[in-house]
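Enquirer: From the sequence below, what's the structure:
(chains A and B)
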Amino acid sequence: MTREEIIEKVSNTLSEEFEVEQELITPEAVIYDTLQLDSLSLVDLVAVVQYTFKVKIPVADLPSVKTFNDLYDYIESHQ
Amino acid sequence: MAKSDIVIIGSGLGGLEVALTMAKAGRHVIVLERQHQPGGCMQSYRRGRLSLDTGLHYVGGLEDDGQLQDAFLSLGLMELPWMRMDGSCFEEIHIGGRVFRWPQGIREFINAMKEYFPHEHKGLDMYGDLLASTDELWMQRTNAWDYLTSIISDSLLIQVLSAPAMCKMELTKETLPLFTFVHGTTPFIQSSWRLAGDGNMLVNRLVEQIRDLGGEVLTDKEVVLLQEGNSGITSAVCADGSIYEAGLFVSDAHPSVTCSLVGESALMKRIFRRRMSTQPNTSGIFTLHLQLRSGSLTYFNHNKVVLAGDNCWNAAVAGDLAVNGIMISARVPSKGEHVVNVDILTPMHWEVVADYAGSKLFHRPKAYRETKSEVARRCLALAETAIPGIGDMVVKSWTSTPLTYCDYNHTPEGSAFGFRKDYASPMMTIVSPRTQIPNLMMTGQSLMLHGLHGVTMTAAYTCQEINKYIISE
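Expert: The predicted structure is shown next:
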């Protein structure tokens, strides 16, 4: 999957699953704020990425994934 | 419309334990049970003059300072007639014509295994350390099969150490966390107990106490909708039209069922529902209940575990009627020294009975009955190797399958132990009691730990989360 395809799929899937406006999902936006994640729904983010991209994000890697850009990088390098 | 502090959906062990704990804390609780009888997996059912159990056969950790004793004391369950199983042999394992006996006590157990397997001293010492380990985080992230095979090289010993777990958890090589394995093994080695009576005895004791404290346990109350207001659930609507309002709701149903009860929601995100409904479930259990001819078999105060081949891991296979292993459990006789009721349990995959899902109880198709008969015949044939002549002692028999669990307990795919835990994804498979709806909590075997001990620990954790919520409000 190309980076452009990843960006488009992340945007479509996360806006659908977390019920937020697609326009809010921008490369520099902070994931936790945009998706209103707490310790409970953080698992759901991991689940979406796993279901959609078949990429597992271990707990230890989560702190390095802050912005959507970080997420695109992570998926691109682990797919 | 009825009002209370807390409404609990489902009267399985976890639901009743949460209800009693919160009732003791001064809350008015109402438990809503869809079936005619409370208890979920703990309930017993009557056939003829016998009361038969599917979920309760023995428990571990009830000794002084044992892992379960404190919880059972506070829940009033230590007053029940628990009978300690044979200290020198509470599990008798039959593999390939050889018999291995498990004594109670970790040191005694390890020493007994060293007698059978003198070449495995080092591995067994490490296994003894493992059973006493409290490093939960490490065990949750370690594969049970990989760890066992890394410390023990004799494949027969691995089977001897694993066989009794076959009907207490899903022994899956690829996913089972070491934590689940150890949790389902250690308390039983420390001390094992049978109830001199049926599972209803335990259920009734909990229900009586809830009612004594002013709480209600209502049956034939199937919750069909959890109605959401601005900041959380406001009421539970039942199929008969009755409505129960409360400040807090706790669901003891399977998490996917819980999510399906929540209607249109601004609080529960789609991904949460999707995660709860797509998480893989563990396989089920087939139980053959036998009524034996009076005076034909002397009571045995241990379980007999019999393997058909040399492997008890990955025993439940989709669509396969093969019986790879069984556990034989005897009900404590109400009088005399002879046993009247013996249960034989074996793992069973949902796919074996999936074709018959949707058929009504007591009106199942002939093919389903034939499937059950064939599995029962194979179970009995295997039991003959441990109890010669048992087939001739049988007066009557009954069976239950994953389909029975599915219908009675509303458990998807008749799963016996709830969500399958995965050492590689502990974050995904260990589920919090909290949901995205602040006043909707969950409890039960799918969340953290399963089995009587695990569900009790999970219920205590749910109560902690409830207390945090109450304080924050």
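
Enquirer: what about whichever residue of chain A sits closest to chain B, how many residues close to it?
Expert: As assessed by C-beta to the nearest C-beta, chain B sits closest to residue A:17 within chain A, at 3.8 Å. Placement of C-beta: from N, CA and C, glycine included. Residues contacting residue A:17 under the criterion other C-beta atoms under 10 Å in any protein chain shown number 22.

Enquirer: can you give me the strands for the stretch 151-300 of chain B?
Expert: Assigned by DSSP state E, counting those that start in this stretch, the stretch 151-300 of chain B shows strands spanning B:192-195, B:216-218, B:223-228, B:233-238, B:243-251, B:284-292.

Enquirer: tell me the most buried of those strands?
Expert: strand B:284-292 (a mean of 25; mean count of other C-beta atoms under 10 Å in any protein chain shown).

Enquirer: Touching the longest helix seen in chain A from outside, list them.
Expert: Assignment by DSSP state H gives helix A:3-18 as the longest helix of chain A. Residues outside helix A:3-18 that contact it (C-beta atoms under 8 Å, 6 or more residues apart in numbering or on different chains): A:1, A:20-22, A:24-25, A:27, A:35-36, A:41, A:44-45, A:48, A:52-53, A:68, A:71-72, A:75-76, A:79, B:269-271, B:274.

Enquirer: Settle this for me: residue B:60 is touching residue B:194, isn't it.
Expert: No: with contact defined as C-beta atoms under 8 Å, residue B:60 does not count as touching residue B:194 (11.1 Å).

Enquirer: interface residues of chain A facing chain B?
Expert: By the rule C-beta under 8 Å from any C-beta of the partner chain, the part of chain A lying against chain B is A:16-19, A:40-41, A:43-44, A:46-48, A:50-51, A:56, A:59.

Enquirer: Which of those are buried, as a PyMOL select command?
Expert: Entered in PyMOL, the line below selects the buried ones among the residues of chain A next to chain B, by 16 or more other C-beta atoms under 10 Å in any protein chain shown:
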select buried, chain A and resi 17+18+41+43+44+46+47+48
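
Enquirer: What residues does residue B:96 make contact with?
Expert: B:156, B:307, B:310.

Enquirer: Not counting its neighbours along the chain, what's nearest the residue in chain B that chain A sits nearest to?
Expert: As assessed by C-beta to the nearest C-beta, chain A sits closest to residue B:271 within chain B, at 3.8 Å. Nearest non-adjacent residue to residue B:271, counting by C-beta to C-beta, 6 or more residues apart in numbering or on different chains: residue A:17, 3.8 Å away.

Enquirer: And the average pLDDT for stretch B:207-226 is what?
Expert: For stretch B:207-226, the mean per-residue pLDDT is 97.

Enquirer: Please compute how far it lies from its chain's middle.
Expert: In terms of C-alpha atoms, centre = their mean, to the nearest Å, the centre of stretch B:207-226 is set 22 Å apart from its chain centre.

Enquirer: In chain A, where is pLDDT below threshold?
Expert: Chain A contains no residues with pLDDT under 70.

Enquirer: So which residue is dead centre in it?
Expert: In chain A, the C-alpha nearest the mean C-alpha coordinate belongs to residue A:71, at 5.2 Å (C-alpha atoms, centre = their mean).

Enquirer: Please name the residues that touch that one.
Expert: Taking C-beta under 8 Å, 6+ apart, we find residue A:71 in contact with A:10, A:31, A:49, A:65.

Enquirer: how about 6 Å then?
Expert: Residue A:71 sits next to residue A:65 when contact means C-beta atoms under 6 Å, 6 or more residues apart in numbering or on different chains.

Enquirer: what about it, which SS state?
Expert: helix (DSSP: H, G, I helix; E, B strand; the rest coil).
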